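Trainee: Output the structure for:
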Amino acid sequence: ISAIISWRDQEQMIFDEQLDSFNRLAAENHLPQRIRRRAREYLRESQSHVKFKRSVETMESLPPALRGSIVVHIAFFHFDRMLVFGRTGGRFRHEVAQYIRSHFFERQDRIGLLDSFCVIQRGLV
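Mentor: Residues are numbered from 1 along each chain as shown. Reported below is the predicted structural model:
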């Protein structure tokens with residue numbers, strides 16, 4: 001249990017340092033309040049994406065076959081919840097899973113991935 005608490009505290013500490021750093025930057029450069037609010041909101045909302053990216057970095061140290069199995073399992077979990085993949089087979093899903101890339105955008109950002117199939121995990125398009 002203490003390892004879990006320590007890990008959680010470390011994640012929170014990293015976020016707090018990032019927020020403190022931004023607050024110093026904002027104060028030193030006299031950023032308007034509306035920009036400060038947008039940036040803080042982005043930092044808060046991006047925490048889950050940052051944690052995901054850190055997990056991906058950790059997976060890079062695993063052997064390729066094991067890493068591939070993990071990626072496919074995670075992708076299949078999400079594919080099962082998407083109507084467009086409802087009747088697709090494992091081979092097709094496996095091929096698609098190899099090309100999945102994760103991105104995080106600010107609210108109301110234009111997603112400039114015109115040649116991509118985009119899956120929005122949360123929010124509206």
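Trainee: ranges for the helices of the chain?
Mentor: 2-28, 33-45, 47-59, 64-79, 90-97 (DSSP state H).
Trainee: any idea how far residue 106 is from the most centrally placed residue in the chain?
Mentor: Closest to where the C-alpha atoms of the chain average out (C-alpha atoms, centre = their mean) is residue 49, at 2.3 Å. Counting by C-beta to C-beta, to the nearest Å, the separation of residue 49 from residue 106 is 12 Å. The C-beta positions use only the backbone N, C-alpha and C, and glycine is treated the same way.
Trainee: repeat for residue 38
Mentor: With C-beta to C-beta as the criterion, residue 38 and residue 106 are 7 Å apart.
Trainee: quick one, which of those two is more surrounded?
Mentor: The residue with more neighbours, out of residue 38 and residue 106, is residue 38; 15 against 11, by other C-beta atoms under 10 Å.
Trainee: contacting residues for that one?
Mentor: Residues in contact with residue 38 (C-beta atoms under 8 Å, 6 or more residues apart in numbering) are residue 106.
Trainee: what's the answer for the one 5 residues further on, then?
Mentor: Contacts were defined as C-beta under 8 Å, 6+ apart; by that measure residue 43 touches 15, 18, 19, 22.
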